[in-house]
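Colleague: got a sequence here, can you build the structure:
(one chain, ligands or ions: 1)
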Amino acid sequence: MSLNDVNFDIGRQRLVSHINIDIAVDETVSLIGPNGAGKSTLVKLILGLISPTKGQITAHQALQLGYVPQRFSVPPILPLRVQDLLAQADKRRLNDTQRQFIFDNLSLTHLLPRQMLHLSGGETQRVLLARALLDKPNLLILDEPMQGLDPDTEVWLYKFIDELPDFLRCAMLVVSHDLHWVMKGSRRVICLNKHICCEGKPSELATTAEFQQLFGHHYEQPYVHQPHACEHHAPN
Ligand SMILES: Nc1ncnc2c1ncn2[C@@H]1O[C@H](COP(=O)(O)OP(=O)(O)OP(=O)(O)O)[C@@H](O)[C@H]1O
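Modeller: Residues are numbered from 1 along each chain as shown. So this is what the prediction gives:
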């Protein structure tokens, strides 16, 4: 999946500008940025829900996207059981043993007859993750996967994602406000503030002026100033 000099405008407002991203097979990339930085806009562009105003997004022909959204709301008048949602996955992509692995590891069996509307936040996250994995994606997009989870469930989910078995291994784009995990648990971080203001390995990123300016007061690292060749594009 490659984004090549992508802009997205609504009217005269530029939501994201000059975005260049390549995500390699098997690579996990974290996307961070302040509120309103354009993270969800970027996810919508990658999912093909909106089209770039300028630039190109190219994907491998066999790209299968999986998406775990930040929010999932079911209208109270629409009955939707967990098993109904999971039945929408393409059954041909995994065999029975592989599907069972997902059901067992995400503790889903007892949830199958339950209404989505009645699930807790943690249960909903597990079901949505299962829904995405059952399609055996080769790019999995997780939008704030830890939102609303208690610390134990968070640790468990990070571990599960980190240790996916070979048959589920895929590239991942993780949108997160959890700086602690991003800087500890990911190998490549992209920092978005309408444009990509810095990116790289966490250890490199933490010393850039842009990262310090946006997140320095939340993330304690010895500060070493490094001039950064980042061109700030004013939205126009
Ligand atoms: N359909 C729209 N029309 C007008 N403005 C929009 C639209 N969608 C998003 N925006 C604006 O674009 C900016 C980027 O929004 P986006 O949701 O992509 O940010 P974000 O980084 O995901 O934010 P957050 O961390 O708060 O979820 C925001 O200022 C938002 O108000």
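Colleague: where in the protein is the helix or strand with the lowest mean pLDDT?
Modeller: Counting by mean pLDDT, DSSP states H and E, the chain has its least confident helix or strand at helix 179-185, which shows a mean of 79.
Colleague: does any part of the helix or strand following it sit near the ligand?
Modeller: Counting by DSSP states H and E, the next helix or strand C-terminal to helix 179-185 is strand 188-193. No: no part of strand 188-193 sits close enough to the ligand to count as contact by CB under 6 Å from any ligand atom; the gap is at least 6.9 Å. Bear in mind the C-beta positions are built from the backbone N, C-alpha and C, glycine included.
Colleague: now swap in stretch 141-148 and tell me
Modeller: No: Stretch 141-148 does not reach the ligand (CB under 6 Å from any ligand atom); its nearest approach is 7.7 Å.
Colleague: the ligand contacts on the chain?
Modeller: 10, 15, 33, 35, 36, 37, 38, 39, 40, 41.
Colleague: for residue 114, state which of those is nearest.
Modeller: Distance to residue 114 across the residues of the chain next to the ligand (CB to CB) is lowest for residue 40, with 28.1 Å.
Colleague: so the closest one is in which element?
Modeller: helix 39-47.
Colleague: check which helices and strands that helix is in contact with.
Modeller: On a contact count with 3 or more CB pairs under 8 Å, 6 or more residues apart in numbering; DSSP states H and E, helix 39-47 meets strand 2-10, strand 13-22, strand 28-32, strand 65-68, strand 139-143, strand 171-175.
Colleague: the longest one: which residues count as buried?
Modeller: Going back to what we said before, that points to strand 13-22. Buried residues in strand 13-22, counting neighbours by 16 or more other CB atoms under 10 Å, are found at 14, 15, 16, 17, 18, 19, 21.
Colleague: how close does residue 80 sit to residue 216?
Modeller: 43 Å (CB to CB, to the nearest Å).
Colleague: also residue 14?
Modeller: Noted for residue 14: a distance of 26 Å to residue 216, by CB to CB.
Colleague: show me where pLDDT drops low in the protein?
Modeller: Where the chain drops to pLDDT under 70, the residues are 217-236.
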